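# need a structure here:
(2 chains)
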Amino acid sequence: MTDDTNTLTRTAPDSGTEVSLPVHTDLLRLATAGSVDDGKSTLVGRLLHDTKSVLADQLDAVHRASADRGLDSPDLSLLVDGLRAEREQGITIDVAYRYFATPKRSFVLADTPGHVQYTRNTVTGASTAQLAVLLVDARKGVLEQTRRHAAVLALLGVPRLVLAVNKIDMVDFDESTYTGITEEFTRHALALGYGSRDVVTVPVSALHGDNVVERSERTPWYSGPSLLEHLETVPVAPDPHDAPFRMPVQFVIRPRTAEHPDYRGYAGQVAAGVIAEGDEVVVLPAGARSRVSQVDTPDGPTTRAAAGRSVTVLLEDDLDIARGDLIASADSAPRVTDELDATVCWLAEKPLRPGARVLVKQGASSVQAKVVELSARFDEQQLSKIDTPEALELNEIGRVQLRTSEALPIDDYADSRRTGSFLVIDPSDGTTLAAGLVGLPLSTLADSVA
Amino acid sequence: MTVRTSEVDDLALEETPAPEAPPQVDNLDALESEAIHIFREVAGEFDRPVILFSGGKDSTVLVHLALKAFRPAPVPFPLLHVDTGHNFEEVLGFRDDLVARHDLRLVVARVQDWIDDGRLSERPDGTRNPLQTQPLLEAIEQNRFDAVFGGGRRDEERARAKERVFSLRDSFGQWDPRRQRPELWNLYNGKHRAGEHMRVFPLSNWTELDVWRYIQREKIELSQMYYAHRREVFARDGMWLTSGPWGGPGEGETVTEKTVRYRTIGDGSCTGAVESEAYTVDDVIAEVAASRLTERGATRADDRVSEAAMEDRKREGYF
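Numbering: from 1, shown residues only, chains lettered A, B, ... in the order given. I've put the predicted structure just below:
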C-alpha cells in the first residue's frame, strides 16, 4: 500500500510549473467493460489519477471518504462511483462519463457496470465507442460475462478491443497465467470477427498502477506498451468519408425575415460521407432529386462538409421536405422499406413478444411499428441461435422482423453505424426498450443462421 | 503527462488565427456539432423548450450555440432565469444586455416573491441556492415548458457524470438515477408523458477547459466577473466572499480589497471568488489548465455539504 501513497503525494504539484494541458486535441471515445469486482472503477480512477486529471479537492474527498470507511489507503474507485448507492454497496450501477487528456490526445470514457442486470449500460457505452477496454481478473480468467461483453462489443461494431488482465500482482506476475488468459480471449475475439491486429492485451494492476500509465518492471516478460501508451497511439478509426453521403433532416430553417425572406435550409448532422456544393442528392422516402446549391455551417457557407459536422443544406429545387426525411447521395441511395430485418438488444424488464406494437426512432424520424416475427435468440456464449423463441428477455439479443407504418430509408448497420441503427420505444410510457441494428451485423451470428 | 511552462506561455501568447487559416483538427468542432445536433433535435421534437440561463459562462455558451444552431433564423425558444434575489448586479446587467443584443425572450422566476409571500423561508445559513428548485419547477409547470436546456457538464461533479444528455423528470421534477433511459448512438429519445419534462444538456461532453477554449475561439463576451478585478471581499471557509444583500462579514471576519475573479457564478451568498491575475481569456485558460482545484470545489459552498450534496439536489429537481 506504500506504493499507492507515494504515487498520490506525487500528484500534488511540486511547484506551479507542472500542468497538464491538452494542446493536441485528437479525440478518442472509449468504453470499459468487465465483470463485477474486476476492478474497472479502480482502473479508471488510476487512469484519471496518473494522468493528473484528478484535482486536489477531488483527491481530498477520496482521502476523507476512504478514511471514513476505515481504509488505510485511498480507494480510487470512489473517484468514479458517483451515486450514494454505488458508494454504499461498493459497486457501479450506472454508466459514468469521464474526461481526461494527455498532451497526445483527449479521451471521452464511458465507464460501464459489470452486473448482468446492467449489461444494457455496456450496450449504451459501446454504441459510440471507437475502442473498448475489457477487464478480466487474472485469478478468474475469461468468464461468461467476458464472452458476453465481447460479443456485445462486436455486435455494436466497436472497431478495437483491449483486454486488460487486471490484478496481475495477485498471481505473482505470472507469465503463463497471463498467456493462458490472452490466448483463450483472442480465440473468442477472432471467432467474433475481430482481426488479430484489432485486439491488444496488457497485464495490469489497477491498484498498484503496473502497466497502466508507466510500463512495469515487475512484468519483464511483457514487451508491449502500457495501457495509456496504447490508448494514446492506437489509430482512431476515421469517420467514413468515402462512405456515401447521408443526412437526416432534423429541422427546417425558414427565417421569413426582411433580410432572409426566401431562405429555406435543411438542418442536420452529416451522418456519413461528404456533402459539397453542386452534389446531386435524393430526398427519401419520397425520392425527389435535386442539387445542393449551398452548404451552410454555423460559421457561414462552406464548399464541403464531412461526417460529424452539423450543417444546413440548401437545394436548387423547391421540394416538400420535413423533419425525418433523409438527404442522400443520388448515386448511392439507401433502400426504402417498411420491412425491417434487424438484430435487437433488449434493454427493458418487460419482455419482447411477437405481435407487440412499438415506436421506432431512426435518424430523425419516429414511426409506429409492429413486431411481425421474433425469429431467433442468439446465445453469445456458444455463438449459437435458438429458433423462434417465445420472448426476448432483458439483456437478450435476437433477430426480429418489424413492419413500420411508413417506409424508412435504411442502411445495414455493418455499412453505416449512424443510419443503420434505431431505438425501439414503448408507445405507452416512452421507455427505450431496445437498441436496434439493421441486418445481422455480427458475421458469426449470420453464419450460425445460414 | 505534463508540459513545461514555456509551452503554456506560448499558448497564452498565441494570436487568434486569421479567418483564412486552414481549419485545425480540433475537438471543439466535434463538441460544437454535437451540441448543435442536440439543440435541433429538441426544436424538432418538443413543443415548448426553454434555455435555463444563469448568466454564467456555461449558459452564455449555450445561448451562443443556440444562435448558431438556427442561424439565420432566430432562436425558436426563450430563456428562463431563476433570480435568487441574491444575484450579483453585474450578472443581471449582463443578462439584460445579452437578451437585448440578440433580441431574445426572457422569463424570470423570482425566489424573492416566494419568500415575500411565505411559500419559502430563508435558510439559517442565508444561502438561497437550494431555494431555487421550487420556483424553477413552478415556472416550468406554469409555462408548460416540456424541455429545459441546462449548461451542466459531466466533468463537474460525480453525480453529474452519470447524467444523460436527455434526462427525463417526473411531474415533481425529480431525477431517478436508477431508472434512466439508456442513451444509444446519437439517437435521443424525447418521449415523455403529460406533466413530465426533459432536462437537456448539450454541453454534457465538454470540460471546463473546452468551454474556455471555445469562449476564446468564438470571442464570446462574458460577465466581467470571470476576469481579474479589484473587489472588497472577506474570507470564509477558504473562499473570498463579497458583501451584498445576502449579508456581509460576520464577527471576526474582516473586509479587504483583493484582485480576484469568479470561476463560477451563482447565488451571491455561496459563490466565492479566487485570487487571480487572469485579466483575459488567454490568462484564464492558462490558469484553469494549471489549477489544482475543480471549479466547484474551489468556489461553491453548496457542494461541500456532503459526499452526495449534488445528487440529493438533483433528485429534488435542481439542475
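# Show me which helix runs longest in chain A.
Criterion DSSP state H: the longest helix present in chain A is helix A:175-191.
# Can you list the buried residues in it?
Of all the residues in helix A:175-191, those buried under the rule 16 or more other CB atoms under 10 Å in any protein chain shown are A:Thr177, A:Tyr178, A:Ile181, A:Thr182, A:Phe185, A:Thr186, A:His188, A:Ala189. To be clear about C-beta, it is placed using only N, CA and C from the backbone, and glycine gets the same treatment.
# helix or strand for the residue located most distally from the centre of chain A, which one?
Ranked by distance from the centre of chain A (CA atoms, centre = their mean), the top residue is A:Ala258, with 44.7 Å. For A:Ala258, there is no host helix or strand (DSSP states H and E).
# quick one: it and B:Ala109, what's the gap?
In this structure, A:Ala258 and B:Ala109 are 34 Å apart, going by CB to CB, to the nearest Å.
# Check B:Ser171 too.
The value you get for B:Ser171 to B:Ala109, if CB to CB is used, is 18 Å.
# Please enumerate the helices of chain B.
Under DSSP H, chain B gives helices at B:5-13, B:27-45, B:57-70, B:89-101, B:111-116, B:133-142, B:208-218, B:281-290, B:295-299, B:309-316.
# next helix or strand past the lowest-mean-pLDDT helix or strand in chain A?
Across the helices and strands of chain A, the lowest-confidence element by mean pLDDT, DSSP states H and E is helix A:2-11, at a mean of 29. Going down the chain from helix A:2-11, the next helix or strand is strand A:27-34, by DSSP H and E.
# Just the CA trace of the longest helix of chain A, in CSV.
The C-alpha trace of helix A:175-191 is given here as CSV (Å, rounded to 0.1, in the frame of the first residue of the first chain):
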residue,chain,number,x,y,z
GLU,A,175,3.5,-15.0,-17.3
SER,A,176,1.8,-18.3,-18.0
THR,A,177,-1.4,-17.3,-16.3
TYR,A,178,-1.4,-14.2,-18.4
THR,A,179,-0.7,-16.1,-21.6
GLY,A,180,-3.4,-18.7,-20.9
ILE,A,181,-6.0,-16.0,-20.5
THR,A,182,-5.0,-13.9,-23.5
GLU,A,183,-4.9,-17.0,-25.8
GLU,A,184,-8.4,-18.0,-24.7
PHE,A,185,-9.7,-14.5,-25.2
THR,A,186,-8.1,-13.9,-28.5
ARG,A,187,-9.6,-17.1,-29.9
HIS,A,188,-13.0,-15.9,-28.8
ALA,A,189,-12.5,-12.4,-30.3
LEU,A,190,-11.3,-13.9,-33.6
ALA,A,191,-14.4,-16.1,-33.7
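# who does that helix touch, helix- and strand-wise?
strand A:131-137, helix A:144-155, strand A:160-166, strand A:199-203 (3 or more CB pairs under 8 Å, 6 or more residues apart in numbering or on different chains; DSSP states H and E).
# if you average pLDDT over the following helix or strand past the last one, what comes out?
Think strand A:199-203. Using DSSP H and E, the next helix or strand after strand A:199-203 towards the C-terminus is helix A:227-233. Per-residue pLDDT over helix A:227-233 has a mean of 94.
# Rounded mean pLDDT for the next helix or strand along the chain from helix A:227-233, please.
On the C-terminal side of helix A:227-233, the closest following helix or strand by DSSP H and E is strand A:246-248. The average pLDDT within strand A:246-248 is 97.
# Look up how far chain A lies from the residue nearest in space to the middle of chain B.
Centroid check for chain B by CA atoms, centre = their mean gives B:Asp58 as the closest residue, at 4.1 Å. Note on B:Asp58: its distance to chain A, by CB to the nearest CB, to the nearest Å, is 15 Å.
# tell me the pLDDT at the nearest residue to that residue once chain neighbours are set aside?
Closest residue to B:Asp58 in three dimensions, ignoring its sequence neighbours and counting by CB to CB, 6 or more residues apart in numbering or on different chains: B:Gly151, at 3.1 Å. At B:Gly151, the model reports a pLDDT of 93.
# so who does B:Gly151 touch?
B:Leu52, B:Ser54, B:Gly56, B:Asp58, B:Ser59, B:Val61, B:Leu62, B:Phe201, B:Leu203 (CB atoms under 8 Å, 6 or more residues apart in numbering or on different chains).
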